[in-house]
Each structure stands twice: as structure tokens, then as C-alpha cells.
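In: from the sequence below, what's the structure:
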Amino acid sequence: MKKRAAALCGAAAVLAGMITSVPADASAGSATAPRTTQTPKLSWKKCGTSNYPTLQCASLKVPLDHANPYSERISIALSRVPHTAKKYQGPLLVNPGGPGGSGLTLAGFVASSLPKAVAAQYDVIGFDPRGVGRSKPSLDCKPGHFKPVRPDSVPSTRAIEKANLARAKAFAKACGTKYADLLPYLDTGSAVRDMDAIRAALGAKRINYFGYSYGTYLGAVYAKFFPNRVRRLVLDSIVDPTGVWYDDNISQDYAFNDRHLAFLAWVAKNDAAYKLGTDPAKVEAKWYAMRAALAENPAQKKVGASELEDTFIPGGYYNGYWPYLAQAFASYVNSKDSDPLVEAYDNFAAVDAAGDNGYSIYTSVQCRDASWPRDWRQWREDNWAVYDKAPFMAWNNAWYNAPCAFWPTDSLRPVDISNRHLPPTLLFQATNDAATPYEGGVTVHHELRGSSLVVEQGGGNHGITLSGNTCLDKYLATYLTNGEVPHGDGEVDAVCEALPDPKPLSTKAVTGPSRGSALHGLLGYRG
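Out: Residues are numbered from 1 along each chain as shown. Prediction:
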């Protein structure tokens, strides 16, 4: 739960004209849309920021229920960096994941991070999916749900379990009370129909798409619904579609535990800087001792055991955070100084209004997309089994998703994303990714016929292109330039070596914010 980057400056422009729903090319999903009778026109206005001065914004009205052309209209916020080259390859829609991540700023990041000659050939289009950010209505089921200090995530007593269950039930009830009319239409299928409405409004017969994390599932479902409307498709850090969503979260728990152990081993390797010991097992024992101490006496009445986990979970997404987390860890253990720890919590874990919105959409979509166990006894049994082997995030993640056990809407069936009707597509996956473990990339590679899989060997970050690995970025730029993908003889089509782990902050190697840290400030929540 990383603190969200600031939203784009300025309000999105209001669409001029009316819109009816767009056609559906497949029967999969939550609804079948009727035919289009009118195509909207987008009114773009300047909304540039200091980092991305060429950004433009607009908004698009779409039906809440794509099966009903007369249903209530909702608004989808859009951003654009327009093409500047004579050769124009169409719109490139980008999505940062989540579900619940805002894509408006991501358009500026992608356009500025691609080689200039490549970016110039595309209109890079960002969007806030329905319910997110500047799209209207924007959900916030229960403001302050993550306000510290929360109960310990590990339900070591019946009282702790009851307290956490009460929070989960209260959140689900609040969503159902405030948004009863919206929740049945917050799902991946509805979001991809919004994407096709964006395509139509842009006047494009086909779209190019580039998605991270949950955005890979969003892109794969779009390709399933509308295979003839996909020109190029890039998926980075890939969701396993066979585990949506309960099993995928269980898989995350094991993978995040492995990444946490990798972080602790890195701390031990850099004992000269942190003085926590050279034995990773002993460093791990000190981390869990810190956790136990904070459970009894939260740092500055702000960082308890659950907040400590929240603070260190982002290190499983991106190792660029490791030096800051290690410094906070060492200061607390060695000097009894909690200031760096509280600062790390504020920077990486504190949930603001944008975070409340992101979590509201995360639960709304994941709880609606697929069935979840409704008997809490199964959650208890499964998560204690995980905890025995992978304690770091097991119960924290369980409570994060627990509202789905009590969600007020019925669930849909996950989409079978298998596809034989796409042009060559390009997939990127790190071998040690925690949020979307490696097996998901392999599965989607098999399901999308003709796709090519590029692997970052030894990489543990989540979101690996446009993060400084020139080998990966070369494959991406080539594909976006001419559609060419690598072809290998085995399961993997190309391999790039991971970037080195970061250095401690005290070394000259740390010179300031990196492109990787900029990207990871934009990626969506936990999916």
C-alpha cells in the first residue's frame, strides 16, 4: 500500500456531446453491450504538470451498465500525450494495475521514458478506470479505514481475530450502503468495455495497449472480448488468470516472504552500513523482535505491528526502497530511534484519500470478479497454513482481502483469457516477482498463442520495463516501433539479466530519484 503520487493538476475537461454504449465482440463478461448509435467527440484541454508539461485531459461519458443503452452515465477521466511524428501508429493505452490505480500520470511517464522517436509515433493515453481518481463517481467506501494503529494482523487471540473481522465486515457493509447501485458494475469486464468506448471516441479501429500488474489481466480480458481491435499488446508483470483472485493472493504470500528474506539477506551483506549482523537468520530474528516490540508499544502511537508490515511490503515490489527500509530498521534496533521508521511509514505506507479510493476499487473489482470463500473457517485454515511457512505477509494480506468474504454483491466467473486470434504480443516477467509470481507469466504465454515471453533473470521487482534495464527496454522499443518480437526455442523467448541490487544510502552510488522509483510510485495497489 504505497502512498500515491499526487494526481494531475487541473480538472479533466467535460465531454461535449452524448454517448451511447459501444459494441461487444464477445459474449464473455458481465454483460453484452448493444450496438453504437453515436460516437462521441473528445474535448482535450491542457493539464500539464512540471514533470509532464505536454499532458492533455478530457473525459468520456459511458453507460454504467453497458447492456442498457439508457442506463445512468458515468465519467471516465482521460489523459493524453499526443504524437508528434509524421508516422502515426495510433493510440497506446496504458494502465498501472491495482485494480484501483490511476493511469493519468502514467501516460506522461511512459511517453517520456520511451525513446523519443518511438513515443512520438503514438498518442499515449492514460485513463482512470471507472470509480477511480478523477473518474466520476469516485469511490471512497470508508474513509480512514487504514488509520493507525490497527489491530495486530496475526490473530494470535480470539479477540484480535474478532477485531480484524469487525473491520472487514464494516468495510464491506459501508461499500454496500454507499454504493449499492454501483457495485454490480465494478468489475474487469465493465472496465474493458469502457476501454473500447475510449477506442471508439478516439476514432481508432484498433488500439495498442501497455499494462502493468493487474493491468495485464485487464489487457488480456480486453483482447479476449475484442481480439480484432488489438494492434499491439504489451503485458509487464503478469497476473495468473487461473488464480483470480483468492488463489493468486495465497501465491503472493509465499513470494513476498521470499522477497522479504532477500531483503534481510541484503541487510546482512551490508552489515558495515547497518550493523545488524552478517547472518541473515539473525537479522530476520531482529526484524521479528522489532515487530513484537511495536505490537506492544507502537512507535509514536503510529506504527504498530500491522503498520510495520505495511511499511516493508513495498520493499517486495521494488528493491529501490531497501536502503530506506534498512536505515529505518537499523535506527530502531540499534539506536532506539523511531523517527526514520515513522518517516518510512509516512512515505511508503500511509494511506491518504487517494489510497482510500484505490482500496475501495481494489475490493469492489476483486470481490465482484470471482468467487471468494464465504465461510471464514476456510480463510482461517488456509492462512494459518501459509503463515506456518511464510509469515511475513500472510495475515496482513488476508485482512486486506477479507471484505470479499462478506461482500454485498454476487460474484462473476473469471474470464478465460486464452486467445488464438491476436497479432504477436510481448510479455515481460521477472523470475522473482512477488506480486505476480513467475508462473503467471508462463501461463499467459501459453494461453496467448503467438506471444513472446521476455524474462528478467534474477529480477525481483514488480514492473520491470522503463525502470532502467536497457536490455528489456530494447525489446519493448523494437516491438512498439515495428511489431517485431523475439523468438526462442523453449519456454522463454529472450532473457535479460537483472540490474544489481541497490547500495546503502551512505555510498556515492545513490544519486537521487531513479526512473524505477518514479514508475513504482505510479503502480497500483497489490495486484
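In: in the protein, where is pLDDT below threshold?
Out: For the chain, the stretches flagged by pLDDT under 70 are 1-38, 507-513, 524-527.
In: that one: strands as residue ranges?
Out: Counting by DSSP state E, the chain has strands at residues 45-46, 56-63, 73-81, 91-95, 123-128, 207-212, 230-236, 426-430, 452-457, 494-497.
In: who touches the fourth one?
Out: Outside strand 91-95, the residues within contact range by Cβ atoms under 8 Å, 6 or more residues apart in numbering are 101, 103, 106-107, 110, 122-127, 129, 195, 198-199, 202, 204, 207-212, 214-215, 218-219, 232, 480. Where C-beta positions appear, they are placed from N, C-alpha and C, glycine not excepted.
In: counting neighbours, what do you get for residue 180?
Out: Using other Cβ atoms under 10 Å, residue 180 has 11 neighbouring residues.
In: for residue 169, that is, sorry about that
Out: As a burial measure, residue 169 scores 15 neighbours (other Cβ under 10 Å).
In: which residues are in contact with it?
Out: Listed by Cβ under 8 Å, 6+ apart, the contact set of residue 169 reads 403, 406.
In: distance check, it against residue 360.
Out: The gap separating residue 169 from residue 360 is 16 Å, by Cβ to Cβ, to the nearest Å.
In: again with residue 212
Out: 20 Å.
In: which one's more surrounded, those two?
Out: Under the neighbour definition other Cβ under 10 Å, residue 212 and residue 360 were set side by side, and residue 212 has more, 34 against 27.
In: can you map out the helices along the stretch 251-400 of the chain?
Out: 271-274, 280-296, 305-312, 314-317, 322-335, 339-348, 353-369, 376-389, 394-401 (DSSP state H, counting those that start in this stretch).
In: and of the ones you listed, who's closest to residue 96?
Out: helix 353-369 (10.3 Å; Cβ to Cβ).
In: that closest one to strand 123-128, inter-axis angle?
Out: Put simply, helix 353-369 runs at 90 degrees to strand 123-128, going by axes from the mean of the first three to the mean of the last three Cα atoms, to 10 degrees.
In: now the angle between helix 394-401 and helix 353-369, please.
Out: 80 degrees.
In: by contact count, what packs against helix 353-369?
Out: Helices and strands touching helix 353-369, by 3 or more Cβ pairs under 8 Å, 6 or more residues apart in numbering; DSSP states H and E, are helix 158-178, helix 188-201.
In: for the helices of the stretch 251-400 of the chain, which one sits closest to residue 185?
Out: That would be, of the helices of the stretch 251-400 of the chain and by Cβ to Cβ, helix 353-369, which comes in at 8.7 Å.
In: now the closest one: buried residues?
Out: 354-369 (16 or more other Cβ atoms under 10 Å).
In: got the end-to-end distance for stretch 294-310?
Out: One end of stretch 294-310 to the other measures 13 Å (Cα to Cα, to the nearest Å).
In: residues in contact with the nearest residue to residue 186 once chain neighbours are set aside?
Out: Closest residue to residue 186 in three dimensions, ignoring its sequence neighbours and counting by Cβ to Cβ, 6 or more residues apart in numbering: residue 364, at 4.1 Å. Each residue near residue 364 by Cβ under 8 Å, 6+ apart is listed here: 99, 131, 139, 141, 175, 179, 182-183, 186.
In: please redo it, this time with the cut-off set to 7 Å
Out: Applying Cβ atoms under 7 Å, 6 or more residues apart in numbering, we find residue 364 in contact with 131, 139, 175, 183, 186.
In: my read is that the fourth one contacts residue 409, right?
Out: Yes - counting by Cβ atoms under 7 Å, residue 183 sits close enough to residue 409 to count as a contact (4.7 Å).
In: spit out the residues that contact the two alike.
Out: residue 368.
In: of those two, which one has the most company?
Out: Counting neighbours by other Cβ under 10 Å for residue 183 and for residue 409 shows that residue 183 has the greater number, 23 against 19.
In: if I look at the more buried one, how far off is residue 77?
Out: In terms of Cβ to Cβ, residue 183 sits 20 Å off from residue 77.
In: cool, and residue 388?
Out: Residue 388 is 44 Å from residue 77, by Cβ to Cβ.
In: hang on, the earlier thing: now for the contacts of residue 364: which two are most distant?
Out: The largest separation in the contacts of residue 364, counting by Cβ to Cβ, is between 131 and 175 at 10.8 Å.
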